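Colleague: sequence first, predicted model second:
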Amino acid sequence: MMDETRPGMRERATLGMQRAGDWVAANRSHWLRGLLMLGFFLVLWVLRLVVAVAAIFQLGALLLTGAPNDQVARFGAALAFYTAEIVAYLTCASDRLPFPFGPWPRAESIEPRNPWE
């Protein structure tokens, strides 16, 4: 004899799918953030190469002219801020989306300085 108070197999399956659907819908923003985090992780990986090229160029400028290139120094400072924004987003320390979803960081307040002084 079947217990009428308990849902049947079909009703349980439907209820389970509704709960799963509710869970996915409720966590849609988390899924989107996860996708963005993967993208920014790749951007961070590429930034290593960009920093290496900028550092090699800056070394060449130092050896040839005796002074760092100001434009490369400002670009390096902006890269440092950009990297910090990405790390903050990846670690959920910030919900602010880095470039290209937000503005490119400005490094005008950073004055290039000679570390040997």
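Modeller: Arrived safely. This structure is a prediction, so every number in the text was calculated from the model and none was measured. Residues are numbered from 1 along each chain as shown.

Colleague: mind checking which helix or strand residue 98 is in?
Modeller: Residue 98 is part of no helix or strand when elements are defined by DSSP states H and E.

Colleague: distance of the residue nearest to it when sequence neighbours are not counted from residue 34?
Modeller: Spatial nearest neighbour of residue 98, excluding adjacent residues (C-beta to C-beta, 6 or more residues apart in numbering): residue 85 at 4.2 Å. Quick note: C-beta positions are derived from backbone N, CA and C, even for glycine. Using C-beta to C-beta, to the nearest Å, residue 85 is found at 18 Å from residue 34.

Colleague: how about residue 63?
Modeller: Taken as C-beta to C-beta, the span from residue 63 to residue 34 is 44 Å.

Colleague: one step back: more neighbours: residue 85 and residue 34, which one.
Modeller: Counted by other C-beta atoms under 10 Å, residue 85 and residue 34 do not tie: residue 85 has more neighbours, with 20 against 11.

Colleague: buried residues in the helix or strand containing the more buried one?
Modeller: Using DSSP H and E, residue 85 falls within helix 70-90. Buried residues in helix 70-90, defined by neighbour count with 16 or more other C-beta atoms under 10 Å: 72-79, 81-83, 85-86, 89-90.

Colleague: for that helix, packing partners?
Modeller: Under the contact criterion of 3 or more C-beta pairs under 8 Å, 6 or more residues apart in numbering; DSSP states H and E, helix 70-90 touches helix 28-65.

Colleague: next, the angle from the helix it packs on to helix 70-90.
Modeller: When axes from the mean of the first three to the mean of the last three C-alpha atoms, to 10 degrees is applied, the directions of helix 28-65 and helix 70-90 differ by 160 degrees.

Colleague: find the nearest non-adjacent residue to residue 101, please.
Modeller: Nearest residue to residue 101, sequence neighbours excluded (C-beta to C-beta, 6+ apart): residue 36, at 8.0 Å.

Colleague: my read: that neighbour touches residue 95, true?
Modeller: No - checked against C-beta atoms under 8 Å, the pair residue 36 and residue 95 is beyond contact range at 10.8 Å.
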